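A.B. asks: 3D, please:
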Amino acid sequence: MSDIAVRSRRFIAQGEAGMPPSWPRVPLPEVPCADLLWGLPDARELPMGNAVGHWRTLNHVLGSIGEGGSPAAARYSSWAEFVGQEASAALDTPAFYHWCRRFHDALAAIVTSGAHGVQRAAAGVDLATQLMRFAPFAVATAAERGAWPFPGPVRLSLPLVLPGMPWRLSGAATVDVLGIADDGLAIAANGAAATLPLQAGASAGRIDVESVQTASGLGTDFILGADGLALPGELRYAAAVGPSSWYRAQTPRVEAALDAVARYAPRVAERFAISIRQLGLKMPEAGGFDDFSEPELPGTFVASIVPNTLELADHFIHEFQHNHLSFLEESGALLDPAAPENSAPRYYSPWRGRPRGLYGIFHGVFVFIAVSRFWLAVARSEETRGATLAYARDRVARFPRQFQLALAVLRGHATPTALGQRLLAELGRSADAVGRELREEGLDRDTPAFTLDAAGRPVPVTEGGQARTVLEGLRAHHAGHAAKATCPEAETILALDGPT
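C.D. replies: Residues are numbered from 1 along each chain as shown. Here you go, the predicted model:
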């Protein structure tokens, strides 16, 4: 167990003596702020260690209130007692963190609703439902340990990826697991008992087993697909659940993008390999959103498939950075939640065509600093030539002014917390440093603007038959933005000579 996880669990054990009203926070490691942002290798342990420690607190609270004697709570308690006896791979999953957050919410509703009444009854139903959703973690742990201490069958809703295991179960809507067999699960499905081997291609009682699709890169294997992440209330991930055949077809493209991350962003690659568990790939026809990282599913993201390897690597770095900053937010909010200006989507963002909230702009600065370093390495590589070099130079040329624009909006409007102020100051220093390095490439106002066509090929941006420059594109973006008035500094930043 990492030092972060040990500290997290000790904090929970010592700091909570009852039902906490809100999700607990954990202390950040005592390292320089730059290391928190750019060098902390195991930051995922902040949310995961917190969840496991808080889960034990919640179990204690459950046993101390009247709801602890309900049938659902009694069944759950037998599962939780077994799972909590020693380390379980099922608890080191994004799905467990999400489940634990909902467990906290359901139990808090019971505690705060009073001893009686309709509100308490409704909260009890919600709690019972959430407790039964622990079943996959119990079954996966039993399979991992080869033991079945539970007094009765455990029902699973399908399709299901067993948490912490490489197996996907599908077929019937539900299956009752009766125990552990030598080579798999003893089940009852469609009125008959059977043994379901946990191996790819196995089938029993109309229940099928297949291995999860994976992609190899950065010295590890990543689960491909959002199956297992399409949890209640997370419909955005459901859009990325495609057929296994489609994901198999995307594997070479994903692995090539991971290789590009390793080549051009080695520091990111090291932390990416430790922190990311699962990559959801949005099918082109899914629509609805682009890339997305859900903070309550730490170590996962959905990336839109694009037909350019370097651009897909850019997307992967982008979403990893969102994950990393969300890990740090396990210690507290970045912006003051009581300040109304912090939540309104009414500000100028140099990366969006519509008004954006300050929280998103804060994340954007952090994300794009890492992305800019990636494209600088691409542009400097002797292997980068032709239109690909022109596209990389476009990306490098636009970042310094975009950082200045975004930081001007944050400094002019945001009300950060103490944590947010500390991180924002470091982001300003990092943005200034990388901006100076980018400008050393001699790219700025006359750099031709490039984009990608539908086939992923870099092509010049033109207007009226004339090539457009990066600076012209930045100016046009600001001039046509509905929230341009929230960044009055843009006139100076986007001047021909601009600030240096």
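
A.B. asks: where exactly do the strands run in the stretch 201-350 of the chain?
C.D. replies: According to DSSP state E, counting those that start in this stretch, the stretch 201-350 of the chain carries its strands in the segments 203-204, 207-211, 214-217, 220-224, 278-282, 300-304.

A.B. asks: Looking at the third one now, give me its mean pLDDT.
C.D. replies: Meaning strand 214-217. Over the span of strand 214-217, the pLDDT mean works out to 97.

A.B. asks: contact partners of that strand?
C.D. replies: Contacts of strand 214-217 from elsewhere in the structure, counted by Cβ atoms under 8 Å, 6 or more residues apart in numbering, are 166, 221-224, 251, 254-255, 258-259, 261-262, 279. All C-beta atoms are positioned from the backbone trio N, CA, C, and that covers glycine.

A.B. asks: Would you mind checking which of those residues is nearest to Arg439?
C.D. replies: Comparing the contacts of strand 214-217 against Arg439 with Cβ to Cβ places Val261 closest, at 24.6 Å.

A.B. asks: Was I right to think that closest one contacts His315?
C.D. replies: No. In this structure, Val261 is not within contact of His315 by Cβ atoms under 8 Å, at 10.3 Å.

A.B. asks: more crowded one of those two?
C.D. replies: More crowded of Val261 and His315, by other Cβ atoms under 10 Å: Val261, with 23 against 20.

A.B. asks: need the contact list for that one.
C.D. replies: Under the criterion of Cβ under 8 Å, 6+ apart, the contact list for Val261 reads Gly217, Leu218, Val268, Ala269, Phe272, Ala313, Phe316, Ile317, Phe374.

A.B. asks: Neighbour count added to the residues you listed, as CSV?
C.D. replies: Below are the contacts of Val261 laid out as CSV (neighbours: other Cβ atoms under 10 Å):
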residue, neighbour count
Gly217, 22
Leu218, 21
Val268, 23
Ala269, 23
Phe272, 24
Ala313, 27
Phe316, 27
Ile317, 24
Phe374, 25
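
A.B. asks: Determine which two of those are furthest apart.
C.D. replies: Those two in these that are separated most widely, counting by Cβ to Cβ, are Gly217 and Phe374, at 15.3 Å.

A.B. asks: could you measure the nearest residue to Thr251 once chain neighbours are set aside against Gln278, distance?
C.D. replies: On the basis of Cβ to Cβ, 6 or more residues apart in numbering, the spatially nearest residue to Thr251 that is not a chain neighbour turns out to be Ala215, at 5.1 Å. If you measure Ala215 against Gln278 using Cβ to Cβ, to the nearest Å, the figure is 10 Å.

A.B. asks: Which neighbours do these two have in common?
C.D. replies: With contacts defined as Cβ under 8 Å, 6+ apart, the residues adjacent to both Ala215 and Gln278 are Phe222, Leu224.

A.B. asks: for Ile180, helix, strand, or coil?
C.D. replies: Assigned by DSSP: H, G, I helix; E, B strand; the rest coil, the conformation of Ile180 is strand.

A.B. asks: could you flag which of the contacts of strand 214-217 are buried?
C.D. replies: Using 16 or more other Cβ atoms under 10 Å as the burial test, the contacts of strand 214-217 include Phe222, Ile223, Leu224, Val254, Glu255, Leu258, Val261, Ala262, Leu279 as buried.

A.B. asks: TSV for the residues you listed, including distance to Pro136 and pLDDT?
C.D. replies: Written out in TSV, the entries for these read as follows (distance: Cβ to Cβ, whole Å; pLDDT from 0 to 100):
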residue	distance to Pro136	pLDDT
Phe222	20	97
Ile223	15	94
Leu224	20	91
Val254	26	97
Glu255	29	98
Leu258	28	98
Val261	31	98
Ala262	33	98
Leu279	21	93
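
A.B. asks: Many thanks, I have nothing further to ask.
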